[in-house]
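Novice: Here's a sequence, model it:
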Amino acid sequence: MVILLNKQTTNKHPKPVGHPSANETPEKKEKPNNIHIATLNTLSLRTAEKLLELEIALGNIKWDILGMREVRRKENCIEEYDNYILYYIGETKGHYGLGFMVKKYLKKQIIEFKGISERIALLNIQLQGYKNTWAIVQIYAPTEAVDETIKDKFYNQLTTTLGTAHKNVIVMGDFNEKIGKQKHGEETVIGNHGIGTRSKNGKRIVNLALENNITILNSAFNKRNTRKWTWISPDGTYRNEIDFISNQPKFFQDVRLINNFNFNSNHRMVRAVLFHKQQKKQRKHFHQSENTCTTDTRSQYNLTTGEIDKTQEIYNIETNDIYRKNKTTKNKHTLSSKTKDHIQKRKELLKNGRNKTTLREITELSKEISRNIRQGKSNERIKCIQKHIIKTGGISKALKELKETTLWESKNSKDETRRQPILKIATDFYRKLYFTENTLKFNINLEDKTENIPSILEREVQHAIETQKK
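Specialist: Below is the predicted model:
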């Protein structure tokens, strides 16, 4: 179950979004630069073709930060791609694992990626318009069938993480439990729109929410019951709401499910829309000599100071929006017509509803899509290498062209995940490398020993010219 949680600053019950008599909250027109934060169980991102398939699916929806479960990639790693930053942590080969995908335009705002365990991961980030840092906690909770000691360990780690997190904290992911409807005394953590009955694990998360004063946002927004379930059983019989996002409702415009997300998973994506908050501008102090241009402009166009400030504000918003759109480049890989047909067919199956038959077809189509993508990437790689061998006689440029990611590495003995410390470590390393005085002493005998060296022959020069690479 995906839940969005947020810390509360007051004990007041959060007002539900939308008119109480409506069946569903009407979708509001979003302001520019609203931040879309989502969570998804990917089932697996172990291979490059699965990651590419996810990229293609994400190209059709709005997103800025994506938290992922069951990434199934071992190690603790940060990789930089053309359009996004990928972080993942895993300890057990082929199981569990968490990760984040953050759009490239937010790169400089990332403060830290931190893997607590293969079930809890943390992203600290500075979001535009908010003074305080945001802590986004992605989790993958144990199921009901798991031993109680493992559950206790997980919830103890989660409680410790929330206790040391920043004030603005979002908890999201797969809680593997049902919270059910609101009960007496839970008005501050559960809204009026919960569904179903509470499970044993559900009691744990409600107690956690009460202890940390956070609200389960899925229950604070009014949606149809068909738009609440987040997990479906393999045979299509059972559907439960087990994925949540938690935070303060006042920060969010909406929390909804992406119903027809074109990616093979038995979970639906849960996405929250964080309100855009305009940054307060500090008062600027200008010297008299610097006001010449402003005065000339004002007199030339007969503008007041207020009109100039308003024009500048509109200009800043528009240029920032254009920058965000242009930063997303097209994918390097070209999909075959067969792969595109399979993706379109899967999209139609997802749109028509999920049952035992369609789920089986979706699974088979997804396997075929992965095979086609893998074969296509292999063919592209071979063509690229052949092209550069013919052109230059080597493969160094081909390898550079085929490179898709840049690793964020640390030379420290202890793993470092924060951006500024990593930059400092790299700077110190190269400063020491290039500015250390050479203390090595060499005993070199500089005796003058003349040697008769024959002149270079004309045919040698001609041979050297003819054997040069063209």
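
Novice: Find the centremost residue of this structure, please.
Specialist: Computing the C-alpha centroid of the chain and ranking residues by C-alpha atoms, centre = their mean puts residue 101 first, at 1.8 Å.

Novice: tell me the contacts of it?
Specialist: Counting by C-beta atoms under 8 Å, 6 or more residues apart in numbering, residue 101 touches 58, 65-66, 68, 84-86. All C-beta atoms are positioned from the backbone trio N, CA, C, and that covers glycine.

Novice: Note down every partner strand of the helix or strand where it lies and its orientation.
Specialist: If you go by DSSP states H and E, residue 101 is part of strand 98-103. Looking at strand 98-103 with DSSP bridges, its partner strands are strand 65-69 (antiparallel), strand 84-90 (antiparallel).

Novice: Tell me the first helix or strand C-terminal of that strand.
Specialist: Strand 98-103 is succeeded, C-terminally, by strand 110-117 (DSSP H and E).

Novice: And the helix or strand following that next one, what does it pack against?
Specialist: Using DSSP H and E, the next helix or strand after strand 110-117 towards the C-terminus is strand 120-125. Judged by 3 or more C-beta pairs under 8 Å, 6 or more residues apart in numbering; DSSP states H and E, the packing partners of strand 120-125 are strand 65-69, strand 84-90, strand 98-103, strand 110-117, strand 134-140, helix 148-164.

Novice: Save the ones you listed as TSV, and put in distance to residue 462 and mean pLDDT too.
Specialist: Listed next are those as TSV, based on distance: least, C-beta to C-beta, whole Å; pLDDT from 0 to 100:
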stretch	distance to residue 462	mean pLDDT
strand 65-69	62	96
strand 84-90	54	95
strand 98-103	57	96
strand 110-117	58	93
strand 134-140	67	95
helix 148-164	72	93
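
Novice: which stretch among those comes nearest residue 273?
Specialist: strand 65-69 (11.7 Å; C-beta to C-beta).

Novice: what angle separates that closest one from strand 120-125?
Specialist: Per axes from the mean of the first three to the mean of the last three C-alpha atoms, to 10 degrees, the angle that strand 65-69 makes with strand 120-125 is 170 degrees.

Novice: Now do strand 65-69 and strand 134-140, the angle between them.
Specialist: Note on geometry: by the same axes, to 10 degrees, strand 65-69 and strand 134-140 are set 20 degrees apart in direction.

Novice: What are the contacting residues of strand 65-69?
Specialist: Applying C-beta under 8 Å, 6+ apart, the external contacts of strand 65-69 come out as 35-42, 45, 58, 88, 96-103, 106, 121, 123, 125, 136, 138-140, 172-174.

Novice: rerun at 7 Å
Specialist: Defining contact as C-beta atoms under 7 Å, 6 or more residues apart in numbering, one finds that strand 65-69 is touched by 37-42, 45, 98-102, 136, 138, 140, 172-174.

Novice: and the next helix or strand after that strand, which residues are buried?
Specialist: Moving toward the C-terminus from strand 65-69, the next helix or strand (DSSP H and E) is strand 75-80. Under the neighbour-count criterion of 16 or more other C-beta atoms under 10 Å, strand 75-80 has 76-79 buried.

Novice: how far out from the middle of the chain is the strand holding residue 101?
Specialist: Relative to its chain's centre, strand 98-103 lies at 3 Å (C-alpha atoms, centre = their mean, to the nearest Å).

Novice: Just the CA coordinates for it, please, in CSV.
Specialist: Output in CSV follows, covering the C-alpha atoms of strand 98-103 (Å, rounded to 0.1, in the frame of the first residue of the first chain):
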residue,chain,number,x,y,z
LEU,A,98,14.9,1.0,-3.1
GLY,A,99,15.8,4.0,-5.3
PHE,A,100,15.0,7.5,-6.4
MET,A,101,14.8,9.2,-9.8
VAL,A,102,15.3,13.0,-9.7
LYS,A,103,14.9,15.1,-12.8
